[in-house]
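Engineer: fold the following, please.
(chains A and B)
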Amino acid sequence: MVKLTMIARVTDGLPLSEGLDDGRDLKDADFYKQQAKQLFKNLSKGQHEASRMSIETGPYLFHYIIEGRVCYLTLCDRSYPKKLAFQYLEDLKNEFERVNGSQIETAARPYAFIKFDAFIQKTKKLYLDTRTQRNLAKLNDELYEVHQIMTRNVQEVLGVGEKLDQVSEMSSRLTSDTRIYADKAKDLNRQALIRKYAPVAIVIGIVLMLFWVKNKIW
Amino acid sequence: MQPPMGNERPPPPGRPVSAFVPGAAVPPPPFAAGGQLAPQPRQGVPPPQSGAAAPPFGAAPPAAMGGYRGPTPSQGPFAAVPPPQRPFTSGPPPQGPFTSAPPSQGPFASAPSSQGPFASAPPSQGPFASAPPSQGPFAAGPTPPGPFGAAPAPFRPPPSSSSLGQPQSPTGGALPPPPNYARPPPLQSQGFYPGARPTNPQFPMSRPAFQQPVQTMPPPPMGPTAMFGNQAAYPSTGPPVGGTLQSLVEDFQSLALSSAPGSLDPGVDIKGLPRPLDGDEEPIKLLESYPLNCHPRYFRLTTHAIPASQSLVSRWHLPLGAVVHPLAESPDGEEVPVINFGSAGVIRCRRCRTYVNPYATFADAGRKWRCNLCTLLNDVPGEYFCALDASGRRFDTDQRPELSKGTVEFVAPTEYMVRPPMPPSYFFLIDVSVSAVRSGLLEVVAKTIKSCLDELPGFPRTQIGFLTFDSTLHFHNFKSSLSQPQMMVVADLDDVFLPLPDDLLVNLVDSRHVVESFLDSLPNMFHDNVNVESALGPALKAAFMVMSQIGGKLLVFQSTLPSLGIGRLRLRGDDVRAYGTDKEHILRVPEDPFYKQMAAEFTKNQIAVDIFSFSEKYSDIASLGSLAKYTGGQVYHYPSFQAATHGDKLKHELSRDLTRETAWESVMRIRCGKGVRFTTYHGHFMLRSTDLLALPAVDSDKAFAMQLSLEETLMTTQTVYFQVALLYTSSSGERRIRVHTAAAPVVTDLGEMYRQADTGAIVSLLGRIAVENSLSDKLDSVRQQLQLKLVRSLKEYRNLYVVQHRIGGRLIFPESLRFLPLYILAICKSLALRGGYADVSLDERCAAGFSMMILPVKGLLNFIYPSLYRVDEVITMEPNKIDGSLKRLPLTMQCLDTGGLYLLDDGFSFLVWLGRMLPPELVNNILGVSLANFPDLSKIQLRECDNEFSRNFMKILGTLREKNPSYHQLCRVVRQGEQPREGFLLLSNLVEDQMAGTSSYVDWILQIHRQTQS
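Structural biologist: Alright, predicted model coming up:
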């Protein structure tokens, strides 16, 4: 059954709404909320392969759909039918777009549409029991294809971001290191030059000076 | 200085003498007078001087002059001068003139009769009057006042600095002898003034002399002078007791008039004592010197001058701290601006986390800003960058409220949220045992809640739920699909569980009809209940389980002592024998730790508890109240609740509680600059770390107080900044940060601290400390501590000035604290601290204590020193003139005329007092019943009757209630001489009168005065 529900803007990861008293029957609710926020952050960096995806985390699955720059995400038990979970998100999406569609881009503060939590709450209740007639009917309905939806592990997903971060960090370190290397090489060159010609120059100098002194005296 | 003076003087003496003599005799003596006066005024010994002056002048005015000048330095004249005084001597040695001191009183008395000299106005009358010196001398010190004025003027200037000290000497001198008064009077006429100027002619030197003195005196007359002037005036009378009543009166008035530190003589006439009849005085003047500060309605320091050293703190015996009223209602047009930083994030100091504020300075062409609290240089985020003008000010300062206003609100970004903003939620815990049913409580509560459903904040997210209990717990299912609520009874009190996972706390919009039908049926549901038990403890646990996910507000309606399950309380009884012993305070602290633990749990889950208590018997408010105390809640106490009489009050206060704008799941922190630190906090909250106040709910009716301490022995900064930040969720679901910023100067002078003292804040803080002390100490010693603080501070103040001014026997206090003695007396006589066993019931005492812990300054002052109005004349006026014609009267029996109709308003209730000689028609019209029938006044309900008097009267009540919407003032009527009601309703509130075991205002002043002298 549905444990958490969150809605966020994909462009900047700003949370728009969240289910009321979510996580009441979920241990570690904070941990999963944190994970969800990280997911949003990754999404906002443009690292999403698909607009629909399931992500494994511990005994649960995150499901999300991205539609119109808004990400609808929910956390369910692994045993909860994928079909229903996505159907649930689809319902949320339709209602959310209908009610707030025009203001999504202009929302400036977090949880600007927190009033939507009442609808989330209500819808969630409809999906609580997988065996109600309504839900069974939905399960049997082949209209909605969920087979192709990818399932990945949360570590992988979050890891992608981390790895990318690492790579970019390494490359930037590389650039700065090369620059240092170039500087040092130039420096060395200069020193080598000095070492090579310095003795000769000094000898010539002395000789010239001697000449000059000689001329002066005589 | 003196030497020169002396030299110069010599010449003058001769002339002066002659001149003076005449002068003395007549106005001409201006000089003489001037000289004399001058000294006197300064010193504040006008009387003597005048007296003395006159004589001296006659005799040796010159000398006097010399003396003064020399002395200008103050003592010089008297001390030093005296000797020189030959001139005087000729007369009577210095003393003669001064001596007159005794006379001083005499003279004054005679002259101005009572207020005469000092009284600003009166003064003119007497000889001195001419001087009215009072004003002249004292006040500006400007020459104005005749004799005194004149003289003083010259002197003062010079002395300015020294003047302070000097004044005393005169006083001293004054003290001694008497007799010259007679003459002085003649002088008085303004002639003196003129005279004063003429003086110059007389003494060619004189003028120069004056000037010189002045100049020499270096002292800048300005500040000090003024003050001294005043003091001097006061001091004038040396010996407190000695004077006649009249003299006292005079002194007194002078006090009242003067705006600077003053002195009081004992025996002063009551009318002259300072009284706060204008209520609270907000120090708005500070905004002139610190226009970037937040308004004082939000933040008030007990003194707007932070002491620079530890030693200064120890000499400031009053509390050093602040009163914060973070959500004070602002008048229309002054709404707090809301700022959204957007992607820049809230601009805060990296190190101390201070929010950007008007006192922050920008540097490095606008790329950096310096935190004004910790002086760290921070980067300005790119989005927030703005160039600086030539003076280092940002060009956009005026467009950005956070850089130009002391109070702003920031929209909090996600980092400030641990969870999404919670919906406002209200959970009602209603005791339905027999006493609640019989008193009609259920009906009032149900009706009120129902009428408020539309106005509950936070539509459409508002959550609501109910739980009723007697010896069992009744849960109510409000599932929106039901048509009627379902009740589930849980009888297991030891192991409380929720019969339903959901629908006990529901969305109001969805389940509106179910909730309404529940409220409609609530009174009938328990109509036949005869259960006398009350299982409050288990009910609290159940409520906690229901609310713990969301948080919100828990309203507990309790009408008996909790008797079942965990948290049951016993009749500890209000034991007479405990009073006066070490066990006394135990009655005022929670008996069972359960309540405090519960409160801690509630706070952790963002639940605020408001307690409504209705018991006619003891219900241990001390224990119940701790729930409110640690959760930011409030205690309402309705002793012996009867729907018929108290229904209105409950209805209004409950609706106010439900519908006022409330800030949810909030935390408050006060940051201050280096060197100072807030140490103790007083109010209703839970301290989460050393300086973070957790406030599950907070609203405009709650204020907090805190005490400051210095961390360093010496402050190096010039200014200390304070920043109050309240992070909260508004009812509309927005997370906001309200920030108030204020600056205060650091001073090294104790006198300045006294000058900048804020009586309202001090009283508020002292009151809270006293209430807290009463939880660990006897009432008697709490009152003594209060008195001790007052005495110590006045003594310290006295030591500042008394030596220089030789004010001797007068009580002196700074202008800023003129009401403090009365307020402290009023705290001692307040409901929470007055008397002992018999004076106030324990529950009432505790409830008043809880109220005093949250009241904002204005409310507190009105609570301890209620407003008394005479209304019989006002109600005969045109209705539209009524508002302006209500005048507050001093709280003493003497103000009550038997032919009058009076109204006493302490913010919580109204008391109408009917004088014995009041025309019966008037009474009948207002009450709607004839007094001749001897109606039971305790049951009478004031309703608007069909006549003008009644309409006007109700209009007065209406206007007063509008001014103070936090509580509904229940109106009670009492007839003169109707005992015992008159006694506890009215007489105990007349704080200026003597009551059993307490002193009257005059006695109190005398007492304080005696103690400051010892």
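Engineer: now the residue minimising distance to the centre of chain A: which helix or strand?
Structural biologist: By C-alpha atoms, centre = their mean, chain A has its centre lying nearest to residue A:42, at 1.2 Å. Assigned by DSSP states H and E, residue A:42 belongs to helix A:29-44.
Engineer: show me what that helix is packed up against.
Structural biologist: If you count contacts as 3 or more C-beta pairs under 8 Å, 6 or more residues apart in numbering or on different chains; DSSP states H and E, helix A:29-44 packs onto strand A:2-9, strand A:52-57, strand A:60-67, strand A:70-77, helix A:154-217. Every C-beta, even on glycine, is put in place using the N, C-alpha and C of the backbone.
Engineer: mind putting these in TSV, mean pLDDT included?
Structural biologist: Listed next are those as TSV, based on pLDDT from 0 to 100:
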stretch	mean pLDDT
strand A:2-9	89
strand A:52-57	87
strand A:60-67	89
strand A:70-77	90
helix A:154-217	89
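Engineer: in a markdown table, list those along with distance to chain B.
Structural biologist: Formatted as a markdown table, those follow (distance: least, C-beta to the nearest C-beta, whole Å):
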| stretch | distance to chain B |
| --- | --- |
| strand A:2-9 | 9 |
| strand A:52-57 | 20 |
| strand A:60-67 | 18 |
| strand A:70-77 | 14 |
| helix A:154-217 | 18 |
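Engineer: out of those, flag the one nearest residue B:588.
Structural biologist: Closest approach to residue B:588 among the helices and strands packed on helix A:29-44 (C-beta to C-beta): strand A:2-9, 46.9 Å.
Engineer: outside of the closest one itself, list whatever touches it.
Structural biologist: A:14-19, A:22-23, A:25-26, A:29, A:32-33, A:36, A:40, A:43-44, A:60, A:69-77, A:80, A:85, A:88, A:92, A:96, A:104, A:107, A:113, A:116, A:120, A:124, A:127-128 (C-beta atoms under 8 Å, 6 or more residues apart in numbering or on different chains).
Engineer: centroid residue for chain B?
Structural biologist: With distances taken as C-alpha atoms, centre = their mean, chain B has residue B:760 as the residue nearest its mean C-alpha position (2.3 Å).
Engineer: contacting residues for that one?
Structural biologist: B:280-282, B:300, B:323, B:857-858, B:861.
Engineer: what's in contact with stretch B:454-466?
Structural biologist: Here stretch B:454-466 has contacts from A:20, A:114-115, A:117-118, B:423-428, B:430, B:453, B:476, B:478, B:504-509, B:511, B:515, B:518, B:546-547, B:550, B:552, B:655, B:658-659, B:661-662, B:731-733, using C-beta under 8 Å, 6+ apart.
Engineer: keeping just the C-alphas, turn that stretch into CSV.
Structural biologist: Presented in CSV, the C-alpha positions along stretch B:454-466 are these (Å, rounded to 0.1, in the frame of the first residue of the first chain):
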residue,chain,number,x,y,z
ASP,B,454,-16.6,28.8,9.7
GLU,B,455,-13.9,31.0,11.1
LEU,B,456,-11.4,28.4,12.1
PRO,B,457,-8.1,29.4,10.4
GLY,B,458,-6.6,27.3,7.7
PHE,B,459,-9.5,26.5,5.5
PRO,B,460,-9.7,24.1,3.7
ARG,B,461,-7.0,22.1,5.6
THR,B,462,-8.3,22.5,9.1
GLN,B,463,-8.5,19.3,11.1
ILE,B,464,-10.8,18.8,14.0
GLY,B,465,-11.6,16.1,16.5
PHE,B,466,-13.3,15.5,19.8
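Engineer: from the middle of its chain, how far away would it be?
Structural biologist: 36 Å (C-alpha atoms, centre = their mean, to the nearest Å).
Engineer: just to revisit the earlier point, now the helices and strands packed on helix A:29-44 in a markdown table, with distance to residue B:677?
Structural biologist: Output for those, formatted as a markdown table (distance: least, C-beta to C-beta, whole Å):
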| stretch | distance to residue B:677 |
| --- | --- |
| strand A:2-9 | 41 |
| strand A:52-57 | 45 |
| strand A:60-67 | 46 |
| strand A:70-77 | 44 |
| helix A:154-217 | 41 |
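Engineer: of the ones you listed, which is nearest residue B:399?
Structural biologist: Evaluated with C-beta to C-beta, the helices and strands packed on helix A:29-44 place strand A:2-9 nearest to residue B:399, the distance being 27.7 Å.
Engineer: paired strands for the closest one, with orientation please.
Structural biologist: Its sheet considered, strand A:2-9 pairs with strand A:15-18 (antiparallel), strand A:70-77 (antiparallel) by DSSP bridges.
Engineer: sorry, back to before: which of the helices and strands packed on helix A:29-44 sits closest to residue B:920?
Structural biologist: Residue B:920 sits nearest to strand A:2-9 of all the helices and strands packed on helix A:29-44, at 72.1 Å, using C-beta to C-beta.
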